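Engineer: Here is my input, please return the structure:
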Amino acid sequence: MDAMNATKRHCVGCRDNFYNGNNTIGVSECWLLKEAEIVTRYRLSIHTPMSQRSGYAKVRVPNCYHERGYVHMKAIPEYAK
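Structural biologist: Residues are numbered from 1 along each chain as shown. Next up, the predicted model:
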């Protein structure tokens, strides 16, 4: 699947979505949004061992996406079983 440009709707759940007008400081757009692309990542809870393959979920998110309580990796580690 080809990468596509991200929009503010793709930022829901990201810790930096605060900067997309969800603040009282007058910032209306996250500085990362303009160049962000939607990519495939593998999401894992920070409470799940990285070696537990079943804990990874394939997701499509902006390449700058950071969700509290999760890591988003480019690939599932080879040692995950």
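Engineer: Tell me how many other residues surround Phe18.
Structural biologist: Neighbourhood size, Phe18 [other Cβ atoms under 10 Å]: 13. Where you see a C-beta, it was placed from the backbone N, CA and C, and this is true even at glycine.
Engineer: err, Ile38, not the other one
Structural biologist: Neighbour number of Ile38 under other Cβ under 10 Å is 18.
Engineer: Wait, Arg53 touches Ala75, no?
Structural biologist: No: the pair Arg53 / Ala75 is not scored as a contact, 11.8 Å apart, by Cβ atoms under 8 Å.
Engineer: Compare neighbour counts for the two and give me the winner.
Structural biologist: The neighbour count for Arg53 versus Ala75, taken as other Cβ under 10 Å, is higher for Arg53 (13 against 10).
Engineer: how about the strands of the chain, start to end?
Structural biologist: 4-5, 37-45, 57-62, 70-73 (DSSP state E).
Engineer: Ser28 and Gly21, how far apart?
Structural biologist: Distance, Ser28 to Gly21, using Cβ to Cβ, to the nearest Å: 5 Å.
Engineer: contacting residues around the residue nearest the centre of the chain?
Structural biologist: Centrality entry for the chain: nearest residue to the mean C-alpha point is Tyr65, 2.9 Å, by Cα atoms, centre = their mean. Going by Cβ atoms under 8 Å, 6 or more residues apart in numbering, Tyr65 touches His10, Cys11, Gly13, Cys14, Arg41, His72.
Engineer: Now Ala75: closest residue in space that isn't a chain neighbour?
Structural biologist: In space, and not counting its chain neighbours, Ala75 is closest to Tyr42: 6.7 Å by Cβ to Cβ, 6 or more residues apart in numbering.
Engineer: Bridged to the one you found, which residues?
Structural biologist: Lys58, Met73 (DSSP bridges).
Engineer: Go ahead and confirm it touches Arg60.
Structural biologist: No: using Cβ under 8 Å, Tyr42 is not in contact with Arg60, being 11.1 Å away.
Engineer: neighbour-wise, which of those two wins?
Structural biologist: More neighbours surround Tyr42 than the other of Tyr42 and Arg60, with 18 against 13 (other Cβ under 10 Å).
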